[in-house]
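[1] sequence first, then the predicted structure:
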Amino acid sequence: MTMNTLPRRLLSSLTFVVGTGLLLAMLVMALLGPWLYPQGPWTVAGAPMTWPGADAALPLGTDALGRDILAGLLHGARVSLLIGAAATAVALCVGIVVGTLTGYFGGWVDDLLMRLTDAVQTVPPFLLAIVVVLIVNPSVASIVGAIALISWPTVARLVRAEFMRLREADFVSACRLMGMRPARIIFVQMLPNAIPPIVVSSSIMVASAILIESGLAFLGLGDPNVISWGTMVGLGRSDLRAGWYLVVIPGLAIMLSVLALNLLGDGLNDALNTRLSP
Amino acid sequence: MSPSALLQVQDMRLGLADGTALVDGVSWSLAAGQTLAVVGESGSGKSLSAMALMGLLPPAVRWLGGQAHFEGQALRDLSERDYRQIQGRRIGMIFQEPMTSLNPVMRIGDQLVEVLRCHLPLSARAARDRAVELLASVQIPQPEQRISHYPHQMSGGQRQRVMIAMALACDPALLLADEPTTALDVTVQADILQLLREQQQRRALGVLLITHDLGVVSQVADHVVVMYAGQVMEQGPVAQVLSQPAHPYTQGLLRARPSGKLARSERLHEIAGMVAAPTRERLGCPFAARCASALPQCAREQPPVVRPAPERLAACWLVSQGAAP
Amino acid sequence: MNFLRYLLRRLAQAALVLGLVIVLQFLLLHLAPGDVADVIAGESQASDPAFVQQLRSELGLDRPLPMQLLLHLQRVVTLDWGQAHSMDAPVWQLIAERLPGTALLMVSALLLAIVLGVALGILAALHARRGLDGLISVLALLFYATPGFLVGIGLILIFTVQLQWLPMSGMSSLYGDASWWQRSVDTARHLLMPMVSLSLFYVAIYTRLMRAAMLEVLPMDHVRTARAKGLGRWRIVWHHAARNALLPIVTMAGLQVSSLLGGSVIVETIFGWPGIGRLAFEAVFKRDVPLVMGILLLSSVLVLLVSLLVDLIYTRLDPRIRLR
């Protein structure tokens, strides 16, 4: 599969296009935030509980304390996307290292690290995240760490499976026979082949990370210094009867980003998969 | 083509939506109590023609022309519902891979009872007894116990026997056998063919046997149809066709069989070239490109169908000119 | 014979993993700045250093780390999981009280997810790449992308605030004497929204899984044989396709317990459902370390037990494995 057919396949996949489009919209929102609302999302911008559309200067209305919903939405985009991406990046690093070690070397390394992975996966992920965030005190860094902690096992297993499969491949045996150093085999020969499934799953992982982060923020366990979409939903919950838009608007934002990332992942999966679909 | 034929295929054309023909104008007939073998390489369309008769064409393939009659009933435009009255009941079918053709998570007995109770008004008890009888009739030892077994507990040969029992469970008039022995050991093959012959005699069954193995044809078939690239090259009584093949393709097939009589320095005969991919238009004889005796018009014009002998047909320019290839 | 050995091997594995989990939790506990004694002292607003020191030696916190680990292990095994200082009751008792609530919620959510997911997956596969399949796939995607708390709040908005059909919190609204039937109906009314909120995400997962599994099974040879037997359409779909596709789905269900427990934290909190999810949340907020640890431990045990159970069930269900 040559590189010049890949972009074409991607662009012809509707899911990929829609997903990327939505994601770009989210990114634009994130970038616009500090530019359109440099004063931040916490400042009081108008009368409390203004409905969306009631005031031209406040297109999405205000919350119970008079804060601009749109400002919150845009600033929240930065937080959610940032945390999602960062957590996934860390999880990928750890997971790839563990997966490579276990997949390539096998033996007691595999046994030990796999039991460790099992142990981490045995604890319900969200519970673990809550506990970690609590112990280390909620902040963007600790949330990123907590989400990374619960996400790396999946990556590790994926990489391990790929490596175990590749280990038996003829070209790897050939490299070993040639006397190639293990490090070179791993980095130059095997890892590039394991990339496609990693790329696909990282898209899904960012989506999961956003869901977890918004869950944490909803429960009040987010970084108290930043506002995220989850925080907005959590805050809006108490004023549900008076203004359901407080919950629905940030909720929709979360949903659309997760949707976008899933579509992106599906599209990538279709394009990178050389198998003919049924 | 006798009017009392059990199965009659007339100019059957099967292909894709864009008109590409995979089976291109095939005709034959089969009488009760007879075995007709359809022979050809992979890609000849022989399996597809059987699937069409059974109403099991894959979604991409459809009838492009022609007709088939079974027990007087036209098959081509039968609805799915009507076909279900025939499948398993009037026509039975067995397939090539006994290993995967049975449901691995269902007991043998249940799979037999299923087809029985679907078509016949039997109680559960009666159906179960009948299933045991069926297993016994295909020479499965200890049928009472085997009823509760799963397919993976049986050998390939035994599974194929079970398939035969299932196909014949409701006493059909016609059995379609698609390469029934290809996936089996040689020793088991003979047993299965023997079983088929017995069942045929006992029930006056018509059998359509799809195979690529001329050895099998000579053992069990009465008539043979030789197909190539979706068309019939030659057909007739087995004894005649195999001893005095008229068509160059048939001759090539017979020559290519290892006969154990080769001298050490002799090479195996083969038919040079490969089967061409199906195209949208017909251009002469499909075998022309690989035929050693091809005439100039073979590649350009459709060969006529001639009768080299009273019961035989061949589609060949060479044969039509009376010249011996 | 084989089965017994397999069982023992799995139990040994589970025990090992559980041991690792306990050690990890212990280490996590000690990662926290300050220790348990500080927290307890902080809660009871007694900052007298002597008192804190006494508390420390009581809890064995002044002994070397490996000793503490052993002590911890010993306490875990004897079910002496300590006292929940924020609620003034033994940890184990609190957990035991709330466990049935969560069990009810999780089991019903999982059942709903499986039944609905399997049905939708089968339908989608039968209409693959045509209208209904597209619709179901879009629906599944929406279910997957919508966070649980949003579904919960949305349902409350519609069914409690607007329509006033369903109660929005708790597990029962009955007081005094009530018949078994009345109590069941009442619990069911309370269960409905939390159950749906928790389950929707998994409906999406099972739909996609079942669809993929069906698409793999439908072209198989044994399905072709079933069609050649003239069997009815639904009989083929169920007995020869779905049942075969279902096996791996069942195993997957077992593995979802871990994820479901996490999801129940949010759902129970929104709906005020009395379960260990909500208990965990409250414990975390009140920094009740023994309680939190107890819940984590119990969850891990549950997950291990269920995964063991699922493995065993799978070996019984697949005749190819069972009768080897």
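    Thanks, I have it. Numbers count the residues shown, from 1 in each chain, chains lettered A, B, ... in the order given.
[2] quick one, phi psi at residue B:76?
    When quoted as degrees, to the nearest 10, the phi and psi of residue B:76 stand at phi -60, psi -40.
[3] which SSE is immediately downstream of the helix or strand residue C:249 falls within?
    Per DSSP states H and E: residue C:249 is located in helix C:243-271. On the C-terminal side of helix C:243-271, the closest following helix or strand by DSSP H and E is helix C:276-285.
[4] which residues touch stretch B:308-321?
    B:231-237, B:240-241, B:246-248, B:285, B:293, B:295, B:297-298, B:301, B:303-307, B:325 (Cβ atoms under 8 Å, 6 or more residues apart in numbering or on different chains). The C-beta positions use only the backbone N, C-alpha and C, and glycine is treated the same way.
[5] nope, stretch A:226-236 is what I meant
    Under the contact criterion Cβ under 8 Å, 6+ apart, stretch A:226-236 has outside partners A:41-42, A:63-64, A:69, A:72-73, A:75-77, A:79-80, A:83, A:140, A:213-220, A:222, A:243, A:246-247, A:249-251, A:253-254, C:147, C:149-150, C:153.
[6] return a ChimeraX selection command for the buried portion of the residues you listed.
    Selecting only the buried members of the contacts of stretch A:226-236 in ChimeraX, with burial defined as 16 or more other Cβ atoms under 10 Å in any protein chain shown, works like this:
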select /A:41,63,69,72,73,75,76,77,79,80,83,140,213,214,215,216,217,218,219,222,243,246,247,249,250,251,253,254 /C:147,149,150,153
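[7] just the ones of the contacts of stretch A:226-236 in helices?
    By the criterion of DSSP state H, membership of the contacts of stretch A:226-236 in helices covers A:69, A:72-73, A:75-77, A:79-80, A:83, A:140, A:213-218, A:246-247, A:249-251, A:253-254, C:149-150, C:153.
[8] mind naming the longest helix for chain C?
    For chain C, the helix that runs over the most residues, judged by DSSP H, is helix C:180-217.
[9] and the angle for that helix with helix C:276-285?
    Going by axes from the mean of the first three to the mean of the last three Cα atoms, to 10 degrees, helix C:180-217 is angled at 90 degrees with respect to helix C:276-285.
[10] helix C:180-217 and chain B in contact?
    No: no part of helix C:180-217 sits near chain B under the criterion Cβ under 8 Å from any Cβ of the partner chain; the closest distance found is 10.2 Å.
[11] okay, the angle between that helix and helix C:243-271?
    Computed by the same axes, to 10 degrees, the angle separating helix C:180-217 from helix C:243-271 equals 130 degrees.
[12] right, and the helix or strand after helix C:180-217?
    The element immediately downstream of helix C:180-217 (helix or strand, assigned by DSSP H and E) is helix C:221-228.
[13] that following helix - contacts with which helices or strands?
    Taking 3 or more Cβ pairs under 8 Å, 6 or more residues apart in numbering or on different chains; DSSP states H and E as the contact definition, the neighbouring helices and strands of helix C:221-228 are helix B:98-101, helix B:156-168.
[14] 6 Å instead?
    Packed against helix C:221-228, as judged by 3 or more Cβ pairs under 6 Å, 6 or more residues apart in numbering or on different chains; DSSP states H and E, are the following elements: helix B:98-101.
[15] who's in contact with the helix it packs on?
    If you take Cβ atoms under 6 Å, 6 or more residues apart in numbering or on different chains as the criterion, helix B:98-101 is touched by B:95, B:156, B:159-160, B:163, C:221-222, C:225.
[16] next, the angle helix C:221-228 makes with the helix holding residue C:249.
    Orientation of helix C:243-271 against helix C:221-228 (the same axes, to 10 degrees) gives an angle of 110 degrees.
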